[in-house]
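Q: Predicted model, plus sequence, below.
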Number of protein chains: 2
Amino acid sequence: MSVQPTEKVYIEILKQIKAIIVEDGLQAGDKLPSERELSDRLKVGRSSVREALRSLELLGLIETRRGEGTFIREATGHRLVEVLASFILNDNKARHDLQETRHIVIKDCVELAVRRCGSSTIAKLTHLIKKMDTNEQEQVNEVCKQFEKIVIQACGNHLLYRLYVELTGYGSSLQRANSYWPRTLCEEVLALLEKKDAVKLTDLLSKQNDALNAIE
Amino acid sequence: MSVQPTEKVYIEILKQIKAIIVEDGLQAGDKLPSERELSDRLKVGRSSVREALRSLELLGLIETRRGEGTFIREATGHRLVEVLASFILNDNKARHDLQETRHIVIKDCVELAVRRCGSSTIAKLTHLIKKMDTNEQEQVNEVCKQFEKIVIQACGNHLLYRLYVELTGYGSSLQRANSYWPRTLCEEVLALLEKKDAVKLTDLLSKQNDALNAIE
DNA sequence: CAATAATAGTGGTCTGACCACCTCCTAATT
DNA sequence: AATTAGGAGGTGGTCAGACCACTATTATTG
């Protein structure tokens, strides 16, 4: 008959852990009490403590290192994207949405990057382009991916970057070749980044995407 | 020496559960195999299964009912928002990224919507605008949110819409008023949607966002 | 003094045992 | 015969204890 008798133990433990963090003034990087100590202090079974800790770990709020302990992480919540993405995208109809979203996110990142990238980024990209000359084709593809990634990161928004990573990773797991930028595109992108020509850059990516869609 | 020896069991279980969901075509509301059966099928201890399930529960992806079983939920991520919010609240960089990403996603959705929304959407929006006249201020805000949501959904990309939902939910839990569209903006958006004027629409949203940023 | 070996502490996992709760089927009652 | 009370079995919730693998610290040894 009791409607809300007692909260689940592991939920209660979450609150207690939070309290401990606050009371002890723990910050990112600090070590949490061990599982056995928590189990002791809170008068609950160790397995319940673990259920709570595992939840926090999946959320990316803590990090556990075997033999060492459990540590508080820089809480950014970007893990949200990772976990949700992998579970939300179950249905196959979402494939098209996935590709489209990925393209849009890339476009957004590049638009930000063109405004924010500094000389060091340009230098890195230039170096990568040069590197392509001295490698085999397979390795060139690898370098191209790297090039793309650096450009994306230059957007300066880590959450957007994580979105890109997840969308790309998930897409590739669907046995659908992920369209990395070919070498010529990399070179054009670099040139436009240097000129800070956002308009042409957007245009370029749109055409690239249209071309890919036409193939299918 | 092994860099990636073996993934933690409960992480492996997460993947397996995902696989089971896909293979068996399970959907929201459906029942998952029992903890004991999973433990059996996957050849792991029940406690490990529980660690995985508890994680998913905290994320709001599943729901467990004592004596009945474990069920798949519509993935809203509300729970996650709750937990993350109570643990974070101080990373300014993350907050900024979040706001920026949210704005970008909204912009993307609207740009798609202007190309894809049909007459029925327009009709719905028109109706909402009219509705604003006959209500109190508080309810008007509610209607504005609804208006915004419908516009976003009109992008036709469910993944993008989900992202919007997550980003918005997450943001509102950070004690930062989420900037829903004011009434005048809704009216302007509707007008531009009807005219299919993507350029001015983008412009409008950018200005709105700039104005909001200026306040702080 | 430095290198090495033993030790204690920590997370990772499994097993088995209860408990509380729900569903469903059966059997007794009306 | 229809209804109801009761029980059996399944399910999640929790705990205790036992190992294992790994790490860091300490003690030992050369």
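A: Okay, I see it.
Q: Need the three-state assignment for the residue most central in space within chain A.
A: Nearest to the geometric centre of chain A sits residue A:162, at 2.6 Å (CA atoms, centre = their mean). Following DSSP: H, G, I helix; E, B strand; the rest coil, the label given to residue A:162 is helix.
Q: Quick check: next helix or strand after the helix-or-strand element of chain A with minimal mean pLDDT?
A: Of all helical and strand segments in chain A, the minimum by mean pLDDT, DSSP states H and E falls on helix A:79-88, at a mean of 53. Next in sequence after helix A:79-88, counting helices and strands by DSSP states H and E, comes helix A:94-116.
Q: and that following helix, is it in reach of chain B?
A: Yes. Contact of helix A:94-116 with chain B (CB under 8 Å from any CB of the partner chain) involves A:94, A:97, A:98, A:100, A:101, A:104, A:108. Heads up, the C-betas are built off the backbone N, CA and C, glycines and all.
Q: Now residue A:71: which helix or strand?
A: Assigned by DSSP H and E, residue A:71 belongs to strand A:69-72.
Q: Give me the contacts around that strand.
A: Identification of contacts with strand A:69-72 by CB atoms under 8 Å, 6 or more residues apart in numbering or on different chains yields A:21, A:26-32, A:34-35, A:53, A:61-65.
Q: Convert that strand to PDB, retaining C-alpha atoms only.
A: Extracted in PDB, the C-alpha atoms of strand A:69-72 (Å, rounded to 0.1, in the frame of the first residue of the first chain):
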ATOM      1  CA  GLY A  69      40.500   4.500  -6.300                       C
ATOM      2  CA  THR A  70      37.600   6.600  -7.500                       C
ATOM      3  CA  PHE A  71      38.200  10.200  -8.500                       C
ATOM      4  CA  ILE A  72      36.000  13.100  -9.300                       C
END
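Q: does any part of it sit near DNA strand D?
A: No. Strand A:69-72 does not reach DNA strand D (CB under 7 Å from any atom of the strand); its nearest approach is 8.6 Å.
Q: wait, does that strand make contact with DNA strand C?
A: Yes. Strand A:69-72 is in contact with DNA strand C by CB under 7 Å from any atom of the strand, via A:69, A:70.
Q: quick check, distance from that strand to the centre of its chain.
A: Centroid displacement of strand A:69-72 relative to its chain, using CA atoms, centre = their mean, to the nearest Å, is 21 Å.
Q: again with stretch A:38-51
A: That offset, for stretch A:38-51, works out to 32 Å (CA atoms, centre = their mean).
Q: Pull the residues that contact it.
A: Against stretch A:38-51 from outside (CB under 8 Å, 6+ apart): A:9-10, A:12-13, A:16-17, A:32-33, A:35-36, B:47, B:50-51, B:54.
Q: tell me the secondary structure for residue A:63?
A: Of the three states, residue A:63 takes strand under three-state DSSP.
Q: can you count the residues close to it?
A: Other residues within reach of residue A:63, judged by other CB atoms under 10 Å in any protein chain shown, total 17.
Q: Beta-bridge partners for it, please?
A: Beta bridges link residue A:63 to residue A:71, judged by DSSP bridges.
Q: Tell me who's in contact with it.
A: Residue A:63 touches A:57, A:70, A:71, A:72, A:73, counting by CB under 8 Å, 6+ apart.
Q: now the last one: how far from residue B:21?
A: Looking back up the chat, that one is residue A:73. 28 Å (CB to CB, to the nearest Å).
Q: so does stretch A:46-58 get close to DNA strand D?
A: Yes. If you take CB under 7 Å from any atom of the strand as the test, stretch A:46-58 does meet DNA strand D, through A:46, A:47, A:48, A:51.
Q: Farthest pair within the contacts of stretch A:38-51?
A: Using CB to CB, the contacts of stretch A:38-51 span at most 21.5 Å, a distance reached by A:33 and B:50.
Q: Mind checking which of those two has more residues around it?
A: When neighbours are counted by other CB under 10 Å, residue A:33 and residue B:50 differ, and residue B:50 comes out ahead with 23 against 18.
Q: The more buried one: what secondary structure?
A: helix.
Q: gap between it and DNA strand C?
A: 9 Å (CB to the nearest atom of the strand, to the nearest Å).
Q: in the helix or strand where residue A:138 lies, what's buried?
A: Take DSSP H and E as the rule and residue A:138 turns out to sit in helix A:137-153. Residues of helix A:137-153 classed as buried by neighbour count (16 or more other CB atoms under 10 Å in any protein chain shown): A:140, A:141, A:143, A:144, A:146, A:147, A:148, A:151, A:152, A:153.
Q: and that helix, how far from the chain's centre?
A: 17 Å.
Q: Now do it and helix A:94-116, the angle between them.
A: Per axes from the mean of the first three to the mean of the last three CA atoms, to 10 degrees, the angle that helix A:137-153 makes with helix A:94-116 is 70 degrees.
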